[in-house]
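I'll drop the sequence and a predicted model, then ask my questions.
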Amino acid sequence: MAHEFLSREYKITENALGYFEVSPKPSEDFLSEYYESLYYQDTHGSYSNKYTEDELKRIEFSNSILLRAVESCIEGSECLDVGCGEGFLLNQLKAQGCHVTGLDFSDYGLSVHNTTVLSNFVKGNIYKSVQNLIVKKSQFDVIFINNVLEHVLEPESLILSLSKILKINGKLVIRVPNDFSDFQLQMKSQKMFIREYWVNLPDHLNYFNKESLTMLVTKFGLQPIKHLADFPIEFFITNDKSNYVKDSTLGPFAHMSRIFIENYINSFENKDSVVNFWSSMAEIGLGRNVISIFTKVK
């Protein structure tokens, strides 16, 4: 199916808001079929049918640090997870007493890993699901949108819609791959790789970093309050002996190192220090992903 899209001529250019996007984009029908039929039905992308104990620990630690940074996910708060995937964050929120709703194209990941939140899940096109929430006049204290914006046809439309169901002083938490970053461009200038390895079609249609994500979201009146990063696995690309872009067989070893390092950092007892560490990484543009927290002021 993907080859039908990739067989066309396309280009990736920077738009007026500073993020990069592919043109022309595929149809909505194509994407719906692609994600529902393929994306969650195997180990495609970041999803897996089975995780090691250390990988599960990494997910739990990372979510705990994120929730510490957000601060608003307290008992009784209304939380929405747009693109909830396998449901690990949704399950963690529910366990600490939040009222949760999860949206996604497929329930496959949930049915494998977190069946306890299936009753809180709405399956279908996330645009339509969000529009239904607007019609119902639903309001949320915190909205998470985790690795979704890079996949959708209209990021601006989605952010606008989410702002309508976010309470005043509520928080919108967005995680995206950190792409076309200064660090990546520095490595490219040193010829550490040939192709722009972060360009991943048809999965990723849009490419953000901290600055361009902030430009997009502030357009709709939300204000940034904190940015976080995760481990910059791309450090390994700077050494020929560990450059997993030139030699893909090195990728699993880089992944294992990332898990060990992130678990070590995130298990540190002083959680505020951990939040500050990842925040400092984000401020200087490092991290394979950037997590930005915005608030609705009016």
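Cool, the structure landed. Numbering: from 1, shown residues only.

Asn206 is in contact with Val148, isn't it?
No. With contact taken as CB atoms under 8 Å, Asn206 and Val148 are classed as non-touching, separated by 10.1 Å. Where you see a C-beta, it was placed from the backbone N, CA and C, and this is true even at glycine.

contacting residues for the spatially most central residue of the chain?
Nearest to the geometric centre of the chain sits Asn147, at 2.2 Å (CA atoms, centre = their mean). By CB atoms under 8 Å, 6 or more residues apart in numbering, the contact list for Asn147 reads 46, 83, 85, 175-177, 289.

which of Asn206 and Val148 has more residues huddled nearby?
Set side by side, Asn206 and Val148 give different neighbour counts by other CB atoms under 10 Å, the larger being at Asn206 (25 against 21).

if I look at the more buried one, how far off is Leu222?
Summarising the geometry, the distance separating Asn206 from Leu222, computed by CB to CB, to the nearest Å, is 18 Å.

my guess is Lys296 meets Lys167, correct?
Yes. Using CB under 8 Å, Lys296 makes contact with Lys167 at a distance of 7.0 Å.

looking at those two, which is more packed in?
In this comparison of Lys296 against Lys167, neighbours counted by other CB under 10 Å, the higher total goes to Lys296 at 19 against 15.

okay, now the closest residue to that one other than its chain neighbours: neighbour count?
Using CB to CB, 6 or more residues apart in numbering and skipping residues adjacent in sequence, the residue nearest Lys296 is Leu166, 4.8 Å away. Here the number of neighbours of Leu166 (other CB under 10 Å) works out to 22.

contacts only, for Leu166.
Residues touching Leu166, when contacts are defined by CB under 8 Å, 6+ apart, comprise 139-140, 143, 172, 222, 296.

7 Å instead?
Neighbour list for Leu166: 140, 143, 172, 296 [criterion: CB atoms under 7 Å, 6 or more residues apart in numbering].

let me know the secondary structure of the closest residue to Phe236 other than its chain neighbours.
Counting by CB to CB, 6+ apart, Ser242 is the residue found nearest to Phe236 once chain neighbours are left out, at 4.1 Å. Assigned with DSSP: H, G, I helix; E, B strand; the rest coil, Ser242 falls in the coil class.

next up, phi/psi of Ser242, please.
phi -130, psi 10 (degrees, to the nearest 10).

which residues of the stretch 101-250 of the chain fall in helices?
Using DSSP state H, counting those that start in this stretch, the helices assigned to the stretch 101-250 of the chain run over residues 108-113, 126-135, 155-164, 182-189, 210-218.
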